[in-house]
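Undergrad: Let me see the structure of the following:
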Amino acid sequence: MISNDALILAIFVVAVVNVARYVSTLRTLLVVMRDCDPLLYQQVDGRGFFSSQGNVQKQIRLFHYIRSHQYDNHHDELFIAKCDKVRKLFILSSFWVIFFFVSIFMSL
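TA: Predicted structure coming up:
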């Protein structure tokens, strides 16, 4: 039988890997955005997105842009594919992080 600690550790590792995939894909989305849509790149503070001085309101603007599928009418297919991938990885990593915290509280 698998111990609770090993199960929680496995869930934690899966959550960390998915969050790392999400952040990496978000970084590549910003690089693609800088080339194909410079105005949107400025609106979401692309240069300072991951810095400590990053504007949270602009980061939330990108979240709402992707959440509401506003990228569907964009002219660049690579940009649309990256936005879809970021959206799917956000949902996946959010699930695993929530599942990790629920499993911690369930094991107490």
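
Undergrad: contacting residues for Gly54?
TA: Asp45, Gly48 (Cβ atoms under 8 Å, 6 or more residues apart in numbering). Backbone N, C-alpha and C define where each C-beta goes, glycine included.

Undergrad: Tell me where the model's unsure across the chain.
TA: Screening the chain residue by residue with the criterion pLDDT under 70, one finds the ranges 1.

Undergrad: And the helices in it, which stretches?
TA: Counting by DSSP state H, the chain has helices at residues 4-36, 38-43, 56-67, 77-107.

Undergrad: Can you add mean neighbour count and give the ones you listed back as CSV?
TA: Conversion of these to CSV gives the following (neighbours: other Cβ atoms under 10 Å):
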stretch, mean neighbour count
helix 4-36, 15
helix 38-43, 14
helix 56-67, 14
helix 77-107, 15
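
Undergrad: Would you mind giving the ones you listed as JSON lines with distance to Phe50 added?
TA: Listed next are these as JSON lines, based on distance: least, Cβ to Cβ, whole Å:
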{"stretch": "helix 4-36", "distance to Phe50": "7"}
{"stretch": "helix 38-43", "distance to Phe50": "14"}
{"stretch": "helix 56-67", "distance to Phe50": "9"}
{"stretch": "helix 77-107", "distance to Phe50": "14"}
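
Undergrad: So the residue nearest to Arg34 when sequence neighbours are not counted versus Arg87, what's the distance?
TA: Once flanking residues are discounted, Arg34 sits nearest to Tyr41: 4.7 Å by Cβ to Cβ, 6 or more residues apart in numbering. Distance, Tyr41 to Arg87, using Cβ to Cβ, to the nearest Å: 18 Å.

Undergrad: Please apply the same query to Gln59.
TA: Where Arg87 is concerned, Gln59 sits at a distance of 15 Å (Cβ to Cβ).

Undergrad: what does Ile66 give?
TA: Separation of Ile66 from Arg87 (Cβ to Cβ): 5 Å.

Undergrad: Test my guess that Arg34 contacts Gly46.
TA: Yes - the pair Arg34 and Gly46 qualifies as a contact (Cβ atoms under 8 Å) at a distance of 5.7 Å.

Undergrad: and Val14, what is it in contact with?
TA: In this structure, Val14 makes contact with Trp96, judged by Cβ under 8 Å, 6+ apart.
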